[in-house]
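[1] could you work out the structure for the sequence below:
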Amino acid sequence: MLVRKNRLQLPQPSQDYVRALFALDGVVEEPITAEIASLAAIRPDFHADLADRMIVATAIARTASLITRDDSIIRYLRRTKATAVIPS
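    Numbering: from 1, shown residues only. Next up is the predicted model:
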């Protein structure tokens, strides 16, 4: 969606980029577990975009740092200290 809206430019077609990304060492695909889904569901007030809530919930559930430019995510994670956030 970000590519379609010209908010993200990739060096190659999306499908090829994603395949190459997941072929890198250390890059893993995380399934959406019941824990992640429930974390995303109880935080609808923080962000209207379900995809963004799923990303934040995954970072929280996995205690992973999150790199983002989304100001509402940065503010939320700094306020709640739920997980580390790295503004990009």
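[2] which stretches of the chain form helices?
    Listed in chain order, the helices of the chain (DSSP state H) span 14-22, 34-41, 50-61, 71-80.
[3] and these, which is most packed in?
    Among the helices of the chain, the stretch with the highest mean neighbour count (mean count of other C-beta atoms under 10 Å) is helix 50-61, at a mean of 19. Just so you know, the C-beta spots here come from the backbone N, C-alpha and C atoms, and that holds for glycine as well.
[4] just the pLDDT for residue 87.
    We have a pLDDT of 88 for residue 87.
[5] go on, residue 12?
    pLDDT recorded at residue 12 is 93.
[6] which one is it nearest to, not counting chain neighbours?
    Spatial nearest neighbour of residue 12, chain neighbours left out: residue 20 (7.4 Å); criterion: C-beta to C-beta, 6 or more residues apart in numbering.
[7] related to what we said a few turns ago, export the helices of the chain as CSV, with columns for distance to residue 3.
    Formatted as CSV, those follow (distance: least, C-beta to C-beta, whole Å):
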stretch, distance to residue 3
helix 14-22, 6
helix 34-41, 23
helix 50-61, 14
helix 71-80, 20
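[8] out of those helices, which comes closest to residue 6?
    Closest approach to residue 6 among those (C-beta to C-beta): helix 14-22, 13.0 Å.
[9] who touches that closest one?
    Applying C-beta atoms under 8 Å, 6 or more residues apart in numbering, the contact partners of helix 14-22 are 3, 10-12, 27, 29.
[10] and the furthest pair within those residues?
    11 and 29 (20.9 Å).
[11] can you lay out the contacts of helix 14-22 as CSV showing neighbour count?
    Putting these into CSV (neighbours: other C-beta atoms under 10 Å) gives the following:
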residue, neighbour count
3, 12
10, 13
11, 7
12, 10
27, 9
29, 5
